[in-house]
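> Below is the sequence, then the predicted model.
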Amino acid sequence: MAVRLFEDSEHAAAYLQYRMTPEEMVTRIMDFMKPKAQRKFNLAVDVGCGSGQGTVLLAPFFDQVVGTDISAAQLDMAQANNGRPNVTYRQCPAEELPFESNQVDLLAAMTAAHWFDRQRFPKEVDRVLKPGGCLALLSYASDDMELEYGDATSALNKICEELYAVLRPFRHPLTSSSKLYLELFESCAYTEKEWNGRLRAKRTVTVNSYIGMVETLSSYRTLNQHDAAGAKLLSDNIRNKLLSAMQVSSPETELTLVINYFYMLARKP
């Protein structure tokens, strides 16, 4: 990987607890793969797998699934929560994968490819994919998440925008964006490929869970490193404003979180 930001055990635990699992995206990936071969595939690799939420979703469709990441802490968390016998994990950079050439049926990167070396990673993808193998890159913008809660929805999203505006100056230059992924799509030499700039995925979360997820973002963690007291104050203020807009007192009150995914799928000739 070109960038290393998610490597302490505390962050890995929060990542596992609060980050959303992309079930809808796995369905899209498998729909793209299956027209060429109606069978169970051999090997899937989830690059930049983090704590493995997306990795395990691939297990029913492949004989072997390997999650790779540069972070030992993230991989420890993934392995500790791995209940799938056909899922294993390996520590390595995204640009130096421990697989033979033409070996991999699916190479996926779920909310991770924006951290990779954009010159070396595509070459490594092309090396390890089998002919007919597929590449799937997906992500979402951290400042394009929405909340829904009845008549309070509009007010909640104004509060979210206030939060995202505070965090934007602390975003890493390589933070996920649809523009970056569209550039990866357009530069991909494979002729059979698909782009989708907006797939809405909804989950029921609590107010506290939403705040917990925000606190896993790289921009929030950068703010926290610069000003821990200010970061905590921001979290507390946003939580209180959300509760006030919802007219509830408990931070365990449930609401709907909407994440807008974008993704590219491509098949190696």
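Yes, it's here. Values in this document were obtained by computation on a predicted structure and should not be read as measured data.

> Could you pull out the helices in the stretch 151-269 of the chain for me?
153-167, 178-187, 207-214, 218-226, 228-246 (DSSP state H, counting those that start in this stretch).

> next one: the stretch 1-150 of the chain
Per DSSP H, counting those that start in this stretch, the stretch 1-150 of the chain has helices spanning 9-18, 23-33, 72-80, 120-128. These are given in chain order.

> Can you tell me which of those is nearest to residue 107?
helix 120-128 (5.6 Å; CB to CB). C-beta: built from backbone N, CA, C; applies to glycine.

> low-confidence ranges in the chain?
Regions of the chain meeting the criterion pLDDT under 70 cover residues 1-20, 35-39.

> re earlier: could I get the helices of the stretch 1-150 of the chain as a markdown table with mean neighbour count?
Conversion of those to a markdown table gives the following (neighbours: other CB atoms under 10 Å):
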| stretch | mean neighbour count |
| --- | --- |
| helix 9-18 | 17 |
| helix 23-33 | 18 |
| helix 72-80 | 19 |
| helix 120-128 | 18 |
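
> Out of these, which is closest to residue 233?
Comparing the helices of the stretch 1-150 of the chain under CB to CB, the one sitting nearest is helix 9-18, at 18.7 Å.

> Need the winner for burial among the helices of the stretch 151-269 of the chain.
helix 207-214 (a mean of 20; mean count of other CB atoms under 10 Å).

> And for residue 198, nearest residue in space, chain neighbours not counted?
Ranked by CB to CB, 6 or more residues apart in numbering and with sequence neighbours excluded, the top spatial neighbour of residue 198 is residue 260, at 5.4 Å.

> Any figure for the gap between that neighbour and residue 199?
With the distance defined as CB to CB, to the nearest Å, residue 260 ends up 7 Å from residue 199.

> Quick check: phi and psi on residue 103?
The phi/psi pair for residue 103 (degrees, to the nearest 10) reads phi -110, psi -20.

> burial count for it?
When neighbours are counted by other CB atoms under 10 Å, residue 103 registers 15.

> List the contacts of the nearest residue to it once chain neighbours are set aside.
Spatially, and ignoring its direct neighbours in sequence, residue 103 is nearest to residue 128 (5.9 Å; CB to CB, 6+ apart). Listed by CB atoms under 8 Å, 6 or more residues apart in numbering, the contact set of residue 128 reads 45, 97, 99, 100, 101, 102, 103, 104, 107.

> Can you report how many residues neighbour the fourth one?
I take that to be residue 100. Taking other CB under 10 Å as the criterion, the count of residues near residue 100 is 9.

> what's the spacing between it and residue 227?
In this structure, residue 100 and residue 227 are 48 Å apart, going by CB to CB.

> Quick check: residue 111 touching residue 137?
No: applying CB atoms under 8 Å as the test, residue 111 and residue 137 come out as separate, 9.5 Å apart.
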